[in-house]
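J.: following is a predicted model, sequence given first.
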2 protein chains.
Amino acid sequence: MESVGTIPRTVTLLDVAQEAGVSRSTASRVLSGATSISADARDRVEAAAAKLGYRPNRAAQSLRTRRTRLVGLVLNNLVNASFHAIAEVLQQRLDDRGYQVILCVTGADEDREARYLEMLAEHQVDGVVVIGTGRNVALLERIVAEGIPVLSLIRCSPDAPGEAVLADDSDGAYLATEHLLDAGHRRIGYIGGPLEANSGRERFHGYAAALTSAGLQVVDDLVVRGPFLESFGEKALAALLDRDDAPTALYVANHEAAFGVLPELRERGVSVPDDVSLICHEDVSWFRYWQPAITVIDNGAAELAELAANRVLAAIERGPGDARSGRAMRVGARLVQRASVTNPRT
Amino acid sequence: MESVGTIPRTVTLLDVAQEAGVSRSTASRVLSGATSISADARDRVEAAAAKLGYRPNRAAQSLRTRRTRLVGLVLNNLVNASFHAIAEVLQQRLDDRGYQVILCVTGADEDREARYLEMLAEHQVDGVVVIGTGRNVALLERIVAEGIPVLSLIRCSPDAPGEAVLADDSDGAYLATEHLLDAGHRRIGYIGGPLEANSGRERFHGYAAALTSAGLQVVDDLVVRGPFLESFGEKALAALLDRDDAPTALYVANHEAAFGVLPELRERGVSVPDDVSLICHEDVSWFRYWQPAITVIDNGAAELAELAANRVLAAIERGPGDARSGRAMRVGARLVQRASVTNPRT
DNA sequence: GCCTCTCTTGGAATCGATCCCATGAGACAA
DNA sequence: TTGTCTCATGGGATCGATTCCAAGAGAGGC
């Protein structure tokens, strides 16, 4: 009588088979869409499954088949606009093909990243997509060696194993700098991350390459590098503007620094783009609402995520034995012109 | 000889046991930290596990123990600032206690939500946190009946099963309206979602309650409701401002509408707060960079996520039999004063 | 010396699926 | 009728862990 709180035993394949009057084997064959099934058996099993509300136990399936249909996604944070766009698009694309995402936010912490990778391997994920710190190469190698495809997204160290879908940071920086040069600027300040960071290094190279192509040289005093922090952006801006020969344009290589640079410019009463032109690398949703709307380099998050999904699925589905991988692939950056760039004052 | 591409067979507990010269039972007991183990056996097993690089197979563990240490997180999108903050914080808190998150983005689509919930049940998740459409009550009930704790976050329909950690929308709207009233406004426009949406209904009630407390009545002409779209915000603003008795202040009840309202105000040359004061419900990162910085109602995403994590873990750990649940719990909203509110022009 | 009690250990069943293998039933040709 | 071949089906092993149960080894009291 006392049925409140009673938990119905979960329905297993055996229950379905008995209800349908067939063996487990037959029931399994019907539900996994195999061939060699009589129409009669098929109908009875399907009816039984529907009647009992049967739901396969994926843990059991995984144990037997060695596939979980789970993919790990490892990234720094979800606040960065590129990152949450990527998480969302990747999840959708993987789901379209029957795979689910285990979300792991590392906070750019190397040890945490390592723990997550181990944990994902324990969960027997079929693949891993990692926007990585680049400091767990040995562990990634071990994971790849165990037959789990790893795809590095956006950035990766040159010796990272597995495949890669990378943002073309160098190209993006080149585009930004070129755009400022085309507008007539000659003194272009650089505010960006440290050279040790891959993105910092590549973006600086793009900046330098564009200057060189225009027959200019990199002026060390116009280059300020520092941590990915709002407060650094503020200080860097001060360092550049409080000079006699202040730059007429700025290339801000990451959005963390931009968060410091933009309010500080406003604070100082420096008008953009009349007093100084500016391009930020990485698009953040509110840049288009800023006054003036900020011209940016878009690294193509959605496209990166689509590609990452396709390639990790391809790697999963072609199975381990076949290590043939396309290796690195780069997604070009795009200049999004808004209102923060104009000709320099003469 | 041909070792390239060879996949090392995964190391199982049996391998560890053999390496250590004990039985699987003993090895299992050591690694799961059980009692009644001789120091000698413990050392040998631990050494063997380390030597072989043993990693438990969670699918096998789950099959046996009926716990996966996986929790499903179902939400609309990751673009909304509250949502990605929640996803991030929730993931961190659950990870602290050894649980991982399967991420499911529904795009507010009811069928997709249903599919995700079924899939999560198949994956034998230990619990589900859902920022739901509120239109899958029967399915949620079935899942709860099967012994999987469900926690509704931010909003839920009144008849939703399981526990709930809700944003206090009504309170937030009340705070916003009260703040505008305190500044001296009497004609306060309302731009918000449809009454069918829970949040739309509650926020309108809060707005109305604040007016009533101040001895005012709701003026129908100052209330505009519509879909959660940028374009609606734009139209709603036009409808309110193109009147003879235009409001002196606006309460914008969701950030989607705000995305339309704010640029449109700027477009029209309406000065905030001099011409019109404004409060938005929901904080979005760039609101503090807008000119003027927007005064907002913060629904406390981080706190919501912390609470959700704690409560879903508590529900998981007290096991099924015990249906005692605290039921709904509300997290108060907070007024974040910035620069978009001032006294009305006399 | 024997009995009991505790501590440690191994054997075997179990979780819920998949899938290899063998077998029985028909179909069809010789 | 008999042999061969195909198709549908069931039995049972298997994936890799956990855990119940029984049993062996000592310790200690009588």
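T.: Perfect, thanks for sending it.
J.: I'd say A:Ala315 and A:Pro161 touch.
T.: No - using Cβ atoms under 8 Å, A:Ala315 makes no contact with A:Pro161, being 11.9 Å away. Every residue, glycine included, has its C-beta placed from N, CA and C.
J.: looking at these two, which is more packed in?
T.: The residue with more neighbours, out of A:Ala315 and A:Pro161, is A:Ala315; 24 against 19, by other Cβ atoms under 10 Å in any protein chain shown.
J.: quick check: phi and psi on that one?
T.: phi -60, psi -40 (degrees, to the nearest 10).
J.: over to A:Ser277?
T.: phi -90, psi 160.
J.: for it, give me its contacts.
T.: By Cβ atoms under 8 Å, 6 or more residues apart in numbering or on different chains, the contact set of A:Ser277 is A:Leu180, A:Ala183, A:His185, A:Thr248, A:Ala249, A:Leu250, A:Ser340, A:Val341, A:Thr342, A:Pro344.
J.: please apply the same query to A:Val74.
T.: Contact analysis of A:Val74 by Cβ under 8 Å, 6+ apart lists A:Cys104, A:Thr106, A:Glu113, A:Tyr116, A:Leu117, A:Leu120, A:Val128, A:Val129, A:Val130, A:Ile131, A:Gly132.
J.: please narrow these to those residing in strands.
T.: A:Cys104, A:Val128, A:Val129, A:Val130 (DSSP state E).
J.: ok, which pair from these is furthest apart?
T.: A:Cys104 and A:Val129 (10.2 Å; Cβ to Cβ).
J.: can I assume A:Arg338 sits in a helix?
T.: No - counting by DSSP: H, G, I helix; E, B strand; the rest coil, A:Arg338 is located in no helix; its state is coil.
J.: ok, of the contacts of A:Ser277, which come out buried?
T.: Neighbour counting with 16 or more other Cβ atoms under 10 Å in any protein chain shown marks A:Leu180, A:Ala183, A:His185, A:Thr248, A:Ala249, A:Leu250, A:Ser340, A:Val341, A:Thr342, A:Pro344 as buried within those.
J.: low-confidence regions, chain A specifically.
T.: In the predicted model of chain A, residues A:1-8, A:320-326 satisfy pLDDT under 70.
J.: for the closest residue to chain B within chain A, what are its contacts?
T.: Chain B sits closest to A:Trp286 of chain A, with a gap of 2.6 Å, by Cβ to the nearest Cβ. Applying Cβ under 8 Å, 6+ apart, we find A:Trp286 in contact with B:Val284, B:Ser285, B:Trp286, B:Tyr289, B:Trp290.
J.: so who does the first one touch?
T.: Spelled out, it's B:Val284. A:Ser285, A:Trp286, B:Ala81, B:His255, B:Ala258, B:Val296.
J.: do a quick rundown of the helices in chain A.
T.: A:13-20, A:24-31, A:39-52, A:58-65, A:81-96, A:110-122, A:137-145, A:169-182, A:198-213, A:230-241, A:255-267, A:301-317 (DSSP state H).
J.: what's the burial count for the closest residue to A:Arg42 other than its chain neighbours?
T.: Using Cβ to Cβ, 6 or more residues apart in numbering or on different chains and skipping residues adjacent in sequence, the residue nearest A:Arg42 is A:Val30, 5.2 Å away. With neighbours defined by other Cβ under 10 Å, the count for A:Val30 comes to 23.
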